[in-house]
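Engineer: Have a look; sequence and predicted model below, questions after that.
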Amino acid sequence: MQLDQHPVFRKIILPWYDSETSCYFMIVLMIVFILFALVGIKITRETVEYHGYIWVPVLLLVMSSGVIVSTSIRLIKRYTWRFPK
């Protein structure tokens, strides 16, 4: 008897970079980047010579926040898919 090549009940295989552990690690890392960006914004506002470069920490803040939002949405979808009401 041969094994079915396309079984009906197949467990979804997630890549290592899409596991819950890596998502949580990514959120923590992005929080560190947000803190770094906030310090950068504070420094650029205090130093007159750096006023023209405030866009760099602001861009880092926006991009890190976007990664946190997208990763959180991914985790929420995965949690609601795994535990439906």
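Structural biologist: Right, received. Where do you want to start?

Engineer: Where does pLDDT dip in this protein?
Structural biologist: Within the chain, the segments meeting pLDDT under 70 span 1-14, 85.

Engineer: all helices for it, in order.
Structural biologist: Applying DSSP state H to the chain gives helices spanning 20-46, 55-82.

Engineer: what's the first one packed up against?
Structural biologist: Secondary-structure packing of helix 20-46 (3 or more Cβ pairs under 8 Å, 6 or more residues apart in numbering; DSSP states H and E): helix 55-82. C-beta here means a position set from N, CA and C on the backbone, and glycine is covered the same way.

Engineer: got the buried residues for the helix it packs on?
Structural biologist: 57, 60-61, 64, 68, 71 (16 or more other Cβ atoms under 10 Å).

Engineer: Kindly export stretch 66-82 (C-alpha atoms) in CSV.
Structural biologist: Extracted C-alpha coordinates of stretch 66-82, given in CSV (Å, rounded to 0.1, in the frame of the first residue of the first chain):
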residue,chain,number,x,y,z
GLY,A,66,6.0,49.1,11.3
VAL,A,67,7.9,45.8,11.9
ILE,A,68,6.3,45.6,15.4
VAL,A,69,2.8,46.1,14.0
SER,A,70,3.2,43.6,11.1
THR,A,71,4.7,41.0,13.4
SER,A,72,2.0,41.5,16.0
ILE,A,73,-0.7,41.1,13.4
ARG,A,74,1.0,37.9,12.2
LEU,A,75,1.0,36.6,15.8
ILE,A,76,-2.6,37.6,16.4
LYS,A,77,-3.8,35.9,13.2
ARG,A,78,-1.8,32.8,14.1
TYR,A,79,-3.3,32.7,17.6
THR,A,80,-6.9,33.3,16.4
TRP,A,81,-6.4,30.6,13.7
ARG,A,82,-5.1,28.1,16.3
